[in-house]
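Enquirer: Attaching a predicted model along with its sequence, questions to come.
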Amino acid sequence: MIGKIFHSIANRTAALFMKLLFGYSSRIYVVGCEHMNRAGGFLLASNHISHFDPLIISSVSRRKIDWMAMAEFFPVSGLGHFLRAVDAFPAARDRADRKTIRTAIERLRNGRIVGVFPEGGIRDGAQSLLEGASLRAGASTLAHMAGVPIVPCVILGSDRLYAKGNWLPLRRTPVWIAFGQAISHFPELEKSVARARIEQDLTDAFQRLYAELRRKFQLTRDDLPHPPRERMKPIPRVLNHEGHEAHEGRANNNNLVPLRVLRGEKKANRLRRTAATAVDFAMCASMNLLQSRHRLNGRSAEAMDRYVAECEKLTPHEYYAAPKDVDPSTSLRTSLVRAIQNGNGSSLTWRSPIETEFPRNNVARADFFPSGRGKAAPTVIMLHALMSATHIGYRRWAARFNELGWNACFVHLPYHYSRVPRGHWNGELAITADLIRNAEGLRQGVIEVRQLIGALRERGCNEFGVLGTSYGGWIGALLAMVERDLRFVALMCPIVNVEHAIWQNPGTAFMRRELRRAKIAPELVARHFHLSSPLHNEPACDPARVLFVSGDFDLIARPADIDAIQQKWRGSELLRVPQGHFGYRVMRETVTRLKERGF
């Protein structure tokens, strides 16, 4: 009895608080509220542009909404109690959870409203279903199983509440919400046909509501969804000809931004580009200098032809599968148990499934940094860049992930760190004119990461993220081609176009000279692209979990190539950072974006 009274008080208090909070901060315009106030149970499906969306939508609804919320929020002290008090329930974004489905169906059949975000996270631009991105199947499946209709909802403007200035008195940021007519669950149709029909009708409804809001309220580009990181930036004060303050986006549309501001921005961009280009060229020169130590012999073309002929018979899944006669599982499991017991920075070591001529490279290694959440915590696999100068920065980021409740594994990629053969530089042998060794190094790295993931799964870890930079991003992209169950894949300045990397990249000029001298033609090399070039392939995992990060001034992993693969891996996201291939800003921006997406 006391529990029910507390529950009722908590719900009423939360509802009153949300109405007061957003009544103070926002002017909310609602279209089609009659569709929301219908009787009976139904699924409310909305686009998602900010963390404020469920609160704002609930504040304008006469009926209570039970929201599906990210499972990661519930262990957080205080927040978890609040979510449960208002009848929210946890849902994993990357897999179907039976308990979540049962809870949702039970509430829907009891005549309640269950709110979901079928995009699976905060989305804007091409990643948003408002702009044509594909819809996840969860909402249609749930509606059909529960036998209830779906009411579509589109919300715009709430993302501007990320800017602190919009919470000042009297600002009252406009927010627009449109509810559409209920979509049937089509009980008369076969299950698969019904779900496809629901998804199509729901997609069309989102497009209609989006267009209706834009037309009815004459919304500008600044009113439409933007990434939270853009909304958080301070808005410069720009005065129009009447002396009134204008937002930067609208000021640009009306040519109101002061000329000195535009000139300052252009000058800053020129300086950044010049500095980034100088650093990239210097690093490319050092790469060519190291490559000059490795020349091809007269039979290299024959060896390459034999190697490619064998590889042409294989699929990526076959190529990146561990050899059957190599079983590192026992040593890897033992090493993993020891590392978990010893704590931060302990090393996992096991025999590599790929045998090379360098004994030091034949021992795989990863430094393990456990979080305080135990073995069930998700794990981020950190894949470093080619010839990475130091592991100190990665250790610091591992500590940051530990604070966020994630385990971290820093993998020593082939020919790097503990695996550098005597007499060579860190990573020197990973990329040379010996294309067979390059390909086998990539294969070695991918298989070892897959073995590591398998061992962690045996220990109870079921969620994995991949964070790869440059060469590590290349391996991360190849991993995404064969691993289906990854929570996120963040690829920073990855090498995705092998054709450009070999034949046009300024860092491989000496390599090209050796290949031409050995009469290894581009056509021969291209026969291996189905295994080694991400741009020539499709991901096995959900593309919506992939984040590509591009350096605006990158000479090695060209922005054009990153754009091309992001378009090909339809549903993936692209983040641009003003730096060259070599720089530290990209990691900070990437982790920030991952946190915004809720990992």
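Expert: Good, I have the coordinates. Residues are numbered from 1 along each chain as shown.

Enquirer: And the lowest mean pLDDT element among the helices and strands of this protein?
Expert: Across the helices and strands of the chain, mean confidence by mean pLDDT, DSSP states H and E is lowest for strand 238-239: a mean of 36.

Enquirer: any low-confidence regions in the stretch 101-250 of the chain?
Expert: 233-250 (pLDDT under 70).

Enquirer: Please repeat the previous calculation with a cut-off of 90.
Expert: Along the stretch 101-250 of the chain, the model assigns pLDDT under 90 to residues 119-139, 141, 162-173, 188-192, 196, 215-224, 226-250.

Enquirer: Phe401 sits in which helix or strand?
Expert: helix 392-403 (DSSP states H and E).

Enquirer: same check, this time on His51
Expert: Following DSSP H and E, there is no helix or strand that holds His51.

Enquirer: got it, and Asp201?
Expert: helix 191-216.

Enquirer: Which strands and helices lie in contact with that helix?
Expert: Helix 191-216 sits against strand 26-31, helix 138-146, strand 150-156, strand 173-179, with contacts defined as 3 or more Cβ pairs under 8 Å, 6 or more residues apart in numbering; DSSP states H and E. For every residue, glycine as well, the C-beta is placed using N, CA and C.

Enquirer: Pull the residues that contact the helix or strand that it is followed by.
Expert: The helix or strand immediately downstream of helix 191-216 is helix 228-232, counting by DSSP H and E. Identification of contacts with helix 228-232 by Cβ atoms under 8 Å, 6 or more residues apart in numbering yields Ser50, Ile122, Asp159, Arg160, Leu161, Tyr162, Ala163, Glu589, Thr592, Arg593, Glu596.

Enquirer: if you set the cut-off to 7 Å instead, what comes out?
Expert: Helix 228-232 is contacted by residues Ser50, Ile122, Asp159, Arg160, Tyr162, Ala163, Thr592, Arg593, Glu596 when judged by Cβ atoms under 7 Å, 6 or more residues apart in numbering.

Enquirer: Looks like the first one contacts Asp159 (just checking).
Expert: Yes. Using Cβ atoms under 7 Å, Ser50 is in contact with Asp159, at 4.4 Å.

Enquirer: Looking at these two, which one has more neighbours?
Expert: A count of neighbours by other Cβ atoms under 10 Å puts Asp159 above the other of Ser50 and Asp159, at 27 against 23.

Enquirer: wait, what's in contact with that one?
Expert: Counted by Cβ under 7 Å, 6+ apart, Asp159 has contacts Ile49, Ser50, Pro225, His226, Pro228, Arg231.

Enquirer: go on, Pro559?
Expert: Taking Cβ under 7 Å, 6+ apart as the criterion, Pro559 is in contact with Ser550, Asp552.

Enquirer: cool, the one 3 residues further on as well?
Expert: Residues near Ile562 by Cβ under 7 Å, 6+ apart: Val496, Phe548, Ser550, Leu574.

Enquirer: Going by distance to Ala143, which of those residues wins?
Expert: Leu574 (31.6 Å; Cβ to Cβ).

Enquirer: Does that closest one touch Phe548 like I think?
Expert: Yes. Applying Cβ under 7 Å as the test, Leu574 and Phe548 come out as touching, 5.0 Å apart.

Enquirer: joint contacts of the two?
Expert: The contact sets of Leu574 and Phe548 overlap at Ile562, Gln566 (Cβ under 7 Å, 6+ apart).

Enquirer: circling back: and of the helices and strands packed on helix 191-216, who's closest to Ile475?
Expert: Nearest to Ile475 among the helices and strands packed on helix 191-216 is helix 138-146; the distance by Cβ to Cβ comes to 30.7 Å.

Enquirer: Return the distance of that closest one from the chain's centre.
Expert: Centre-to-centre, helix 138-146 and its host chain are 26 Å apart (Cα atoms, centre = their mean, to the nearest Å).

Enquirer: ok, now stretch 129-138?
Expert: Here the centre of stretch 129-138 is set off from its chain's centre by 16 Å, with Cα atoms, centre = their mean.

Enquirer: Contacts for it next, please.
Expert: Contacts with stretch 129-138, where a contact means Cβ under 7 Å, 6+ apart, come from 47, 118-120, 123, 125-127, 154, 195, 199, 202-203, 206, 210, 571.

Enquirer: Could you pick out the buried ones from the residues you listed?
Expert: 47, 118-120, 123, 126-127, 154, 195, 199, 202-203, 206, 210, 571 (16 or more other Cβ atoms under 10 Å).

Enquirer: Next, give me the two most distant ones among these.
Expert: Ala126 and Arg195 (24.6 Å).

Enquirer: circling back to that earlier point, out of the contacts of helix 228-232, which are buried?
Expert: Counted by 16+ other Cβ under 10 Å, the contacts of helix 228-232 give Ser50, Ile122, Asp159, Arg160, Tyr162, Ala163, Arg593, Glu596 as buried.

Enquirer: pLDDT value on Thr508, please?
Expert: The model reports Thr508 with a pLDDT of 94.

Enquirer: List the contacts of the nearest residue to it once chain neighbours are set aside.
Expert: Spatially, and ignoring its direct neighbours in sequence, Thr508 is nearest to Ile502 (6.0 Å; Cβ to Cβ, 6 or more residues apart in numbering). Going by Cβ under 7 Å, 6+ apart, Ile502 touches Thr508, Met511, Arg512, Val525.

Enquirer: Compile those into a markdown table and extend it with columns for secondary structure and neighbour count.
Expert: Converted to a markdown table, those look like this (DSSP: H, G, I helix; E, B strand; the rest coil; neighbours: other Cβ atoms under 10 Å):
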| residue | secondary structure | neighbour count |
| --- | --- | --- |
| Thr508 | helix | 23 |
| Met511 | helix | 25 |
| Arg512 | helix | 18 |
| Val525 | helix | 20 |
